[in-house]
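J.: one predicted model, sequence on top.
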Protein chains: 4
Amino acid sequence: MTKEDQMIEEMFNQKGDLTERQKKIVAAAIESFAEKGYSATSTKEIAQKAGVAEGTIFRHYKTKKELLMSIVTPMMIKLMAPIIIKDINKVLNHDHETFEAFVRAMIDNRRKFLKSNLKIIKIFIQEIPFHPELKEQFIEHVGSKVFTRLRQIIEHYQDKGQIIKLPIDTVLRLTGSTIIGYFVTRYALLPNADWDDEAEVDLTIQFLMKGLAPEE
Amino acid sequence: MTKEDQMIEEMFNQKGDLTERQKKIVAAAIESFAEKGYSATSTKEIAQKAGVAEGTIFRHYKTKKELLMSIVTPMMIKLMAPIIIKDINKVLNHDHETFEAFVRAMIDNRRKFLKSNLKIIKIFIQEIPFHPELKEQFIEHVGSKVFTRLRQIIEHYQDKGQIIKLPIDTVLRLTGSTIIGYFVTRYALLPNADWDDEAEVDLTIQFLMKGLAPEE
Amino acid sequence: MTKEDQMIEEMFNQKGDLTERQKKIVAAAIESFAEKGYSATSTKEIAQKAGVAEGTIFRHYKTKKELLMSIVTPMMIKLMAPIIIKDINKVLNHDHETFEAFVRAMIDNRRKFLKSNLKIIKIFIQEIPFHPELKEQFIEHVGSKVFTRLRQIIEHYQDKGQIIKLPIDTVLRLTGSTIIGYFVTRYALLPNADWDDEAEVDLTIQFLMKGLAPEE
Amino acid sequence: MTKEDQMIEEMFNQKGDLTERQKKIVAAAIESFAEKGYSATSTKEIAQKAGVAEGTIFRHYKTKKELLMSIVTPMMIKLMAPIIIKDINKVLNHDHETFEAFVRAMIDNRRKFLKSNLKIIKIFIQEIPFHPELKEQFIEHVGSKVFTRLRQIIEHYQDKGQIIKLPIDTVLRLTGSTIIGYFVTRYALLPNADWDDEAEVDLTIQFLMKGLAPEE
DNA sequence: AATGAATGAGTGTTCATTCAT
DNA sequence: AATGAATGAACACTCATTCAT
């Protein structure tokens, strides 16, 4: 719970409008949603875990779904923000001379966020197929921008001759699969294995670079 | 529904013990579980969709969960079977001279299964985090054997000098990420995009082989 | 309860599609709705009084409101039916030579119905202001026909020179007020007073006839 | 709302102890109780409509029922007051020479009150069957006195030979039915019809007088 | 005086499951 | 085997009321 609490502190107190009780409700909801899934979690259970009356939940969130959304939406934005927001020139020209450096930076940066938002991300991925509004919201507010952005970045490094000139979406898919595959294995499938993260990332990036190396 | 029906025919009639009514129940359950998730689906709904009485479901399956299991367990076994069953020597020595040929064969072979079991696989992946028995069953009966087997195979091709001598589990992860990443993108994320499957698989395998190529 | 049961028997068994349990539910609902009002009556209470499980109510009636409607709608129709249905010539020419005879017949006939449907009528009157559908249904299916019919009848006796030629709606209102006023006093306001019904009706009709007597 | 506000002003400011906020609460409660009934109206709804906090209602009225009573009780008294209070000799001997004049005065006088208290009267009639205290209060404080009084008045005009010597309660009932029947039709059933009030009252009184005319 | 957060019992309704037919 | 009526616990949500601020 400590890690989760920390993340709630960070994420929601910035917004500054969560009361002590609300934080407890949100923390309890995250715990339960992640453990048993949104629709198998009862509001009674959340209330008990949070140590509040059931009615209190509904004072702050009109419906159970609104509670879910209030947890998942800001995370979704924060997860993708760094990719969208960063000044384009900075990212491409100044920040990272090579594609490898860019990928490494991205892994390092997102790893922290991921580690502290593990449960919320899990909830998000679990529930997105069942809530069309969530999907639409994701695509509208984040998804499309992120993909546009990532395509620009890949094109940039292709133009610089650092990576192979395959179709951009294919490069995107291969890169995404490799990185996300690492994170999923690391934090969801085998979180308790004995990981040497530094080495593992090195190998992963090395694999990716070789795989995407331009033809001679 | 035709595709789903076909698959049900194939899969369950082998077992030979499914009545006409049971097939309808199973088909309805697959449809609903995939669409709204296991716990958000009511047995009433399944009964209606299947055109049977509510009681009929419980005549064939003691509980709702048993119905879920009866859908998901055999699929899980069939999905993994080809990897486990095949005679070891055959696979390694005779069937596929190269790692590339092996990967290509695997993709081709599993693609058919995947396409016709899409919904069940979706259900399986959605529900596995919430049903410990399912997870245990998977690991015990399938997972561990599959992994042992895949490690042997990778070692074999490493020994033949066809792929780089990274830690076996790392190779496994990278290969898995690349292939599963392709399938997920192809069939779950963007099933309606305009895919040239042959070309896409060629590029994917080419990426994988370059990425895993032994050092010179 | 005996009287109520009787009436339920009569009214609903004709339709023949009420199970024993449904009858109990309906009887309990009538009792409670009449006593505390529709919205102050809980389904739990109805279930307990009926000696069934709460769920059973909802097997037969999709909502609490549907239960209310199923009680009130057929009564409304049966209450008004005799006025609408009767063959027009019969009523006007053959059945009743005088307006007095018509009024007396109406009082006698509707008294029986009223006595055995007292509670349901009470519920109907109590709830009609709060359920627009009920009001519309009443007007559409019964009200308008009844009024058209009653106007014809009054006109008929006016033409025969038996009652004064005031505006028809005024005659209707005065007649209605007098008769309904009697019934309300008799059965709702002072049901326990010491009534000599025959004498009281005689006086009431005598008052009505004098009041509506044509000018000389 | 203007009309309602006016009436509240009139009625409650006499008591002089209603704050601005209380008036808003009372006005909102009247609106809602009349529209949806007492028990279907929530205190939250009243608070919102009144523009005050939920707690504020309970600062002024211990319970929701007390709020109802505070609305309905003074109206009940004011409605009946003129009949009770007026100096007996004045009414009978000086004010109105004839029964007809008395009835006409009563209709004129009470019409104003009725028009501006329509909603409260509606609430009173709707709720009286469900609140025994209300009924008792009505009978004790108003009802019995009013009836005693009205009986005296009728007896007086009977003695003067102006109306028929039927049993007093029967005369009372017939007179009441006729007058109340007019008001109910005029203000509750068909308030939007095209009424010529003066003519209608004339006809109604004419009917009543003929109906109650002494035998020759 | 006024607020509105907090309460927990209560609401109508749905649930998975049982069982007589 | 199949039905669908019956169950009562559980559901998300609302209620009148309290109380610290």
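T.: In hand now; what should we look at?

J.: could you identify the helix or strand that succeeds the lowest-mean-pLDDT helix or strand in chain A?
T.: Ranking every helix and strand in chain A by mean pLDDT, DSSP states H and E puts helix A:2-15 at the bottom, with a mean of 47. Per DSSP states H and E, the first helix or strand lying C-terminal to helix A:2-15 is helix A:20-36.

J.: could you list the buried residues of stretch A:47-62?
T.: Of the residues in stretch A:47-62, A:47, A:49-50, A:52, A:56-57, A:60-61 count as buried by neighbour count, 16 or more other C-beta atoms under 10 Å in any protein chain shown. Where C-beta positions appear, they are placed from N, C-alpha and C, glycine not excepted.

J.: what's in contact with it?
T.: A:19, A:21-22, A:24-25, A:27-29, A:31-32, A:43-44, A:46, A:64, A:67, A:70 (C-beta atoms under 8 Å, 6 or more residues apart in numbering or on different chains).

J.: any idea how far apart the tips of that stretch sit?
T.: Here the two ends of stretch A:47-62 are set 15 Å apart, with distance taken as C-alpha to C-alpha, to the nearest Å.

J.: when you scan that stretch, is anything in it near DNA strand F?
T.: Yes - applying C-beta under 7 Å from any atom of the strand, one finds stretch A:47-62 touching DNA strand F at A:54-55, A:58, A:62.

J.: and of the buried residues of stretch A:47-62, the nearest to chain C?
T.: Of all the buried residues of stretch A:47-62, the one sitting nearest chain C is residue A:47; the distance, using C-beta to the nearest C-beta, is 21.9 Å.

J.: I'd like the distance between residue A:137 and chain B.
T.: Distance, residue A:137 to chain B, using C-beta to the nearest C-beta, to the nearest Å: 17 Å.

J.: which SSE is that residue in?
T.: Using DSSP H and E, residue A:137 sits in helix A:132-138.

J.: next SSE after that helix?
T.: Following helix A:132-138 toward the C-terminus (DSSP H and E): helix A:144-159.

J.: mind listing what the spatially most central residue of chain A touches?
T.: Computing the C-alpha centroid of chain A and ranking residues by C-alpha atoms, centre = their mean puts residue A:79 first, at 4.2 Å. Residue A:79 makes contact with A:110, A:113-114, A:117, A:121, A:142, according to C-beta under 8 Å, 6+ apart.

J.: burial count for the nearest residue to residue A:36 once chain neighbours are set aside?
T.: Setting aside the residues directly before and after it, residue A:36 is nearest to residue B:130 in space (C-beta to C-beta, 6 or more residues apart in numbering or on different chains), at 5.8 Å. Close neighbours of residue B:130, defined as other C-beta atoms under 10 Å in any protein chain shown, add up to 17.

J.: right, and residue B:130 touches residue A:40 too?
T.: Yes - in this structure, residue B:130 is within contact of residue A:40 by C-beta atoms under 8 Å, at 6.6 Å.

J.: shared neighbours, the two?
T.: residue B:39.

J.: what about residue A:178, is that helix, strand or coil?
T.: Under the three-state scheme (DSSP: H, G, I helix; E, B strand; the rest coil), residue A:178 adopts helix.

J.: my guess is it contacts residue B:182. True?
T.: No - contact criterion C-beta under 8 Å: residue A:178 and residue B:182 do not qualify, at 11.4 Å.

J.: what about chain A, any weak spots by pLDDT?
T.: A:1-16, A:85-94 (pLDDT under 70).

J.: so which residues on chain A come close to chain B?
T.: Near chain B, the residues belonging to chain A are A:35-37, A:39-40, A:122, A:126, A:129-130, A:166-167, A:170, A:173-174, A:176-178, A:180-182, A:184-185, A:200, A:203-204, A:207-208, A:210-213 when assessed by C-beta under 8 Å from any C-beta of the partner chain.

J.: go with 6 Å
T.: Contacts of chain A with chain B, taken as C-beta under 6 Å from any C-beta of the partner chain, map to A:36-37, A:39-40, A:130, A:166, A:170, A:173-174, A:177-178, A:181, A:185, A:203, A:207, A:210-211.

J.: tally up the residues packed near residue A:30, please.
T.: By the criterion of other C-beta under 10 Å, residue A:30 has 26 neighbours.

J.: equivalent analysis for the one 5 residues further on, please.
T.: Each residue near residue A:35 was counted by other C-beta under 10 Å, and the total is 15.

J.: fine, thanks again, bye for now.
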